[in-house]
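Asks: would you be able to build a 3D model of this:
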Amino acid sequence: TTGGAGHTDGNGGVGGEISITSTSSTTTLGANIAAIGGAGGGGAGTQGAGGDVTCVSATVLGGSILIDTGATAGTVTFSNTLNGTAAHTQTLGITAGTGHIVFSGTVGTTALGAVTLTSATNVTGAIFTATSLTQTAGAGTTTFSGTVTTTGKADVAGGFVNIAATVGNISFAAITANGGTPTTSAGENGGDVTLYSAGGTIAVTGTISTIGSNATADGNGGVGGDVVITGAADTVDVVAITTTGGNGNTNGDGGAAGVITLTATDSTLTLAGTITATGGTLAGGGATGAGGATAFVAGTGLIDTADQIITVGSGALTFTSRTIALPTPANRIATSGAITLPPDTNAIGIGIGDAATGAFNLTVAEIGSITNGAASIRIGRDGGTHAIEIKAITFNDSITIEGDDITVKGAITCTGDASITFIGADG
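Replies: Below you'll find the predicted structure:
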């Protein structure tokens with residue numbers, strides 16, 4: 001239903017609206033749909049608005065389908081359920097320009113294939129199951145009020161969820177992108193999850209799970225998928241993330257955990273649940289999978305762990321921010337890898353111990369939240385010129401403290417084989 005092209009300075013015609021309602025219970029889409037506004041004339045003409053496309057009845061994809069309303073307005077709506085014909089087979093691509101994309105009912109009781117949302121202002125959905133989900137551009141909000149699932153079918157890795165070019169808020173109830181169950185031997189890898197907003201908040205109110213599946217016969221466990229969440233200009237709130245590697249079988253190694261990177265640029269990064277990035281367990285002559293390197297970044301803002309448990313196996317753990325609130329209950333942070341605690345810039349003051357002066361402040365209880373067993377702890381930036389005040393404190397692991405002016409105003413205790421190293425301005 002494409003509109004006609006304008007001439008000279010004339011505007012393009014409006015695309016016609018399309019509404020599909022089945023006289024039976026289900027509509028089967030077997031061909032692509034286009035409702036694009038006509039092109040503007042070569043002078044001052046503008047493109048016509050695209051037409052709305054609405055599938056009113058329960059809908060099934062009879063093949064791989066493209067729905068296109070062009071670069072201008074034209075909303076695509078599935079008012080009822082949407083399913084594939086065969087699980088993880090029929091793909092769906094939608095271009096809605098400055099219109100919206102609305103999935104009102106459950107999507108993927110029979111899972112769709114790969115779903116690509118090329119453009120829209122707002123995207124809205126509920127329960128959504130597909131091989132993968134990609135949104136390449138969005139001018140407004142992206143909201144899924146039900147679990148988005150891209151777990152692989154048998155013998156297939158989990159699919160990715162990539163919401164990578166939005167401007168507004170991103171909100172998910174939960175994301176599950178685990179590796180499929182193997183029918184022969186080795187486990188399957190979990191899918192990667194990437195959420196990026198250039199200007200809005202990001203909130204995930206349930207668990208993000210990208211677990212590698214367990215091997216079912218002699219073989220390695222699947223690798224956990226990576227999770228990268230970036231709020232370029234606003235807050236990030238995450239309940240829980242699990243990127244665990246799958247277990248090995250017989251002589252197989254455990255799968256490595258996925259990498260986790262959470263960034264709330266110059267804003268507040270808040271955890272509201274457990275963060276787990278441990279490698280899968282070994283079997284027989286195998287080896288335990290590596291833990292996932294995990295980084296929390298808030299720039300000039302605050303990292304607030306809200307007393308949650310953070311367990312990353314052998315993975316390195318980094319917290320970078322202007323101010324920080326580590327857990328206060330004991331033994332909430334666990335890794336056998338290195339822990340790094342740098343302020344966002346070299347000159348930010350650091351306080352270690354109760355009532356110590358410094359914007360980047362770590363109390364006795366916060367240091368006590370680090371479980372004994374870390375390979376090392378480092379406070380301060382490499383080459384940092386921090387003024388550091390240290391009051392009475394106990395370290396259970398070897399620690400390096402780096403700054404320009406380091407003042408000790410209380411007893412420093414190192415337990416077991418822990419040691420302390422100070423690096424001043426002259427190195």
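Asks: pLDDT weak spots in the stretch 101-250 of the chain?
Replies: For the stretch 101-250 of the chain, applying pLDDT under 70 flags the ranges 165.
Asks: please enumerate the strands of it.
Replies: Under the criterion DSSP state E, counting those that start in this stretch, strands of the stretch 101-250 of the chain are mapped to 101-103, 107-119, 123-125, 128-135, 142-149, 161-166, 170-176, 193-197, 202-209, 227-231, 236-242.
Asks: rebuild those as JSON lines, extending it with distance to Ser64.
Replies: For the C-beta atoms, the positions are set from N, CA and C on the backbone; glycine is no exception. What follows is the strands of the stretch 101-250 of the chain, written out as JSON lines (distance: least, C-beta to C-beta, whole Å):
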{"stretch": "strand 101-103", "distance to Ser64": "17"}
{"stretch": "strand 107-119", "distance to Ser64": "7"}
{"stretch": "strand 123-125", "distance to Ser64": "19"}
{"stretch": "strand 128-135", "distance to Ser64": "11"}
{"stretch": "strand 142-149", "distance to Ser64": "20"}
{"stretch": "strand 161-166", "distance to Ser64": "19"}
{"stretch": "strand 170-176", "distance to Ser64": "24"}
{"stretch": "strand 193-197", "distance to Ser64": "24"}
{"stretch": "strand 202-209", "distance to Ser64": "28"}
{"stretch": "strand 227-231", "distance to Ser64": "28"}
{"stretch": "strand 236-242", "distance to Ser64": "32"}
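Asks: looking at these, which is nearest to Ala86?
Replies: Distance to Ala86, taken as C-beta to C-beta, is lowest for strand 107-119 among the strands of the stretch 101-250 of the chain, at 7.3 Å.
Asks: ok so, going back, as CSV, the strands of the stretch 101-250 of the chain with distance to Thr300 and mean neighbour count would be great.
Replies: Formatted as CSV, the strands of the stretch 101-250 of the chain follow (distance: least, C-beta to C-beta, whole Å; neighbours: other C-beta atoms under 10 Å):
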stretch, distance to Thr300, mean neighbour count
strand 101-103, 35, 22
strand 107-119, 32, 21
strand 123-125, 30, 23
strand 128-135, 29, 24
strand 142-149, 26, 20
strand 161-166, 23, 22
strand 170-176, 22, 22
strand 193-197, 18, 23
strand 202-209, 18, 22
strand 227-231, 13, 24
strand 236-242, 14, 23
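Asks: and of those strands, who's closest to Asp266?
Replies: Closest to Asp266 of these is strand 227-231 (C-beta to C-beta; 9.6 Å).
Asks: by contact count, what packs against the closest one?
Replies: Strand 227-231 is packed against strand 193-197, strand 202-209, strand 236-242, strand 260-264, with contacts defined by 3 or more C-beta pairs under 8 Å, 6 or more residues apart in numbering; DSSP states H and E.
Asks: so for Ile94, which of the ones you listed sits nearest?
Replies: Comparing the helices and strands packed on strand 227-231 by C-beta to C-beta, strand 193-197 comes nearest, at 19.1 Å.
Asks: which other residues reach that closest one?
Replies: If you take C-beta atoms under 8 Å, 6 or more residues apart in numbering as the criterion, strand 193-197 is touched by 160-170, 172, 175, 177, 202, 204, 208, 210, 225-234.
Asks: how about stretch 301-308?
Replies: So stretch 301-308 is in contact with 264-275, 296, 319-329, 332, going by C-beta under 8 Å, 6+ apart.
Asks: how far out from the middle of the chain is it?
Replies: Its chain's C-alpha centre lies 17 Å from the corresponding centre of stretch 301-308 when counted by C-alpha atoms, centre = their mean, to the nearest Å.
Asks: look up how far Gly125 lies from Ile101.
Replies: Distance, Ile101 to Gly125, by C-beta to C-beta, to the nearest Å: 8 Å.
Asks: still on that earlier bit, so of the contacts of stretch 301-308, which ones are in strands?
Replies: Counted as lying in strands by DSSP state E, out of those, are 264, 268-271, 275, 296, 319-325.
Asks: which one among these gets closest to Thr110?
Replies: Using C-beta to C-beta, the ones in strands among the contacts of stretch 301-308 come closest to Thr110 at Ile275, 33.3 Å.
Asks: next, the contact list for the closest one, please.
Replies: Under the criterion of C-beta under 8 Å, 6+ apart, the contact partners of Ile275 comprise 240-241, 260, 294, 308-312.
Asks: try it again at 10 Å.
Replies: By C-beta atoms under 10 Å, 6 or more residues apart in numbering, Ile275 lies in contact with 208, 227, 238-243, 260, 262, 292, 294, 296, 305, 308-312, 317, 333.
Asks: any idea what it is bridged to?
Replies: Ile241, Ile310 (DSSP bridges).
Asks: I figured Ala126 hits Val107, correct?
Replies: Yes: Ala126 is within contact range of Val107, at 7.6 Å (criterion: C-beta atoms under 10 Å).
Asks: so which bits of stretch 72-86 are buried?
Replies: Using 16 or more other C-beta atoms under 10 Å as the test for burial, stretch 72-86 gives 72-84.
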